[in-house]
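Undergrad: 3D model of this:
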Amino acid sequence: MQHDQQIHATTILCVRDDAGVAMAGDGQVTLGTIVAKGSARKVRCLPEVGEDRAGVLVGFAGGAADAFALLERFEAALKATPVNLLKAAATLARDWRTDRALRRLEAMMIAADRGRTLVISGQGDLIEPDDGIAAIGSGGAYALSAARALRRATDLDATTVCREAMTVAGELCIYTNTQLVVESISSSVG
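TA: Below is the predicted model:
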């Protein structure tokens, strides 16, 4: 069964630099063409997992119930392999594609720890961006473009790039607002 890869109703952006990684998500929830909520939290920091137990950032786009089901599965995979984000993400991607109930879920995720950023989809995709910048959701292309331009033209840190690029996306995409949640993990240990 083919799923439409264009996920509407949110934007998630992840930016990595030498100091760490930041992830931002907008707060808008839509039901069709109606804004149902403006302050949803679509980005989380899962503490005490990941490299050096610093945590893993997770952001999701798509149906809220589907995203929470996937987040629960992802947390279980992380607990089974707490210092191996790639293995946990590969487990989720495989299960998502092959499990009869999971493959009906329509969402996408970005997961990041100190070492890597991964885009995970229900098609079995597990993509690590070359430049450390990843975006999903209906405003993802806007946020990705703005983040890449800011990284090339400025010395802004990852958190500031996330905020500024997400603001641009919120100004352009009707499914994205500018009420942002931003989480970050420092690359330094301790």
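
Undergrad: Could you list the residues in contact with the helix or strand containing residue 70?
TA: Assigning secondary structure by DSSP states H and E places residue 70 in helix 64-80. The list of residues contacting helix 64-80 from outside it, by Cβ atoms under 8 Å, 6 or more residues apart in numbering, reads 29, 40, 42, 44, 46, 49-50, 56, 58, 60-61, 85, 87-89, 91-92, 95-96, 102, 105-107, 109, 111, 120. No exception for glycine: its C-beta is placed from N, CA and C like everyone else's.

Undergrad: Just the buried subset of these, please.
TA: Applying 16 or more other Cβ atoms under 10 Å to those, the neighbour count classes 29, 40, 42, 44, 46, 49-50, 56, 58, 60-61, 85, 88-89, 91-92, 95-96, 102, 105-107, 109, 111, 120 as buried.

Undergrad: In strands, which of those residues fall?
TA: 29, 44, 46, 56, 58, 60, 61, 107, 109, 111, 120 (DSSP state E).

Undergrad: hang on, isn't residue 60 packed against residue 107?
TA: Yes. Counting by Cβ atoms under 8 Å, residue 107 is a contact partner of residue 60 at 5.5 Å.

Undergrad: Please report how far residue 14 lies from residue 97.
TA: Distance from residue 14 to residue 97, counting by Cβ to Cβ, to the nearest Å: 22 Å.

Undergrad: Settle it for me: which of the two has more neighbours?
TA: Set side by side, residue 14 and residue 97 show more neighbours around residue 14, with 31 against 14, by other Cβ atoms under 10 Å.

Undergrad: From residue 137, how far out is the more buried one?
TA: Computed with Cβ to Cβ, the distance linking residue 14 and residue 137 is 12 Å.

Undergrad: And residue 113, by the same measure?
TA: From residue 113 over to residue 137 the distance is 21 Å, taken as Cβ to Cβ.

Undergrad: These two: who's more crowded?
TA: Between residue 113 and residue 137, counting by other Cβ under 10 Å, residue 137 is the more crowded of the two (30 against 24).
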